[in-house]
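1. structure for the following, please:
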Amino acid sequence: MDNQGQQDQGRRRRFPRRLFRRGVGVLSGGRYFLAQGGEISEGGMSFRSDEKLKVGALVVLSFQIPDGQFVSVRAEIRNQDQKGNEIGYGCAFENIAFERKREIRHFVTNRPESEN
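-> Model prediction:
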């Protein structure tokens, strides 16, 4: 894990998170690829991919909120963590619509006991 990732791990999270094991479309530098979602909160999400992205890069993430709307939102790559060929990325949403935040909050707060 890089130094930035270690610093981020030590901070307290601002929003509760929930597992989000679904496909996520990522648009970066004119290239579009699919990644595997990790966790989601109303402030951002994590995903895994074998594509290389830089910390600080701006991307557009596209995903479906379970029992909710399709979301396309701009995000900033805040940290990365490499395990084997796959790289895990943590992103912070920028200017996400209030309605989408509310749907994500609803999804996160309604997690089943098996995820606790």
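2. now do the contacts for Thr103.
-> Slight slip there: residue 103 is Glu, not Thr. Ile65, Gly68, Gln69 (C-beta atoms under 8 Å, 6 or more residues apart in numbering). In short, each C-beta sits where N, CA and C put it, glycine included.
3. got a winner among those residues for most neighbours?
-> Of all the contacts of Glu103, the highest neighbour tally under other C-beta atoms under 10 Å goes to Ile65, namely 16 neighbours.
4. wait, that one touches Lys101, no?
-> No: the criterion here is C-beta atoms under 8 Å, and Ile65 misses it with Lys101 at 10.3 Å.
5. spell out the secondary structure type for the nearest residue to Val55 once chain neighbours are set aside.
-> Excluding the flanking residues, the one nearest Val55 by C-beta to C-beta, 6 or more residues apart in numbering is Ile77, at 5.4 Å. Put simply, Ile77 is strand when judged by DSSP: H, G, I helix; E, B strand; the rest coil.
6. and stretch 47-55, how far from the chain's centre?
-> 11 Å (C-alpha atoms, centre = their mean, to the nearest Å).
7. next one: stretch 32-44
-> 3 Å.
8. again, but for stretch 102-109
-> 14 Å.
9. and if you look at stretch 35-49?
-> That offset, for stretch 35-49, works out to 2 Å (C-alpha atoms, centre = their mean).
10. neighbouring contacts of it?
-> Taking C-beta under 8 Å, 6+ apart as the rule, stretch 35-49 contacts 13-26, 33, 51, 61, 63, 75, 78, 86-93, 96, 101, 104-105, 107-108.
11. what subset of the residues you listed is buried?
-> Buried subset of the contacts of stretch 35-49 (neighbour count, 16 or more other C-beta atoms under 10 Å): 17-18, 20, 24-26, 61, 63, 75, 78, 87-91, 93, 96, 101, 104, 107-108.
12. narrow those residues to those in helices?
-> Counting by DSSP state H, the part of the buried ones among the contacts of stretch 35-49 found in helices is Lys101, Ile104, Phe107, Val108.
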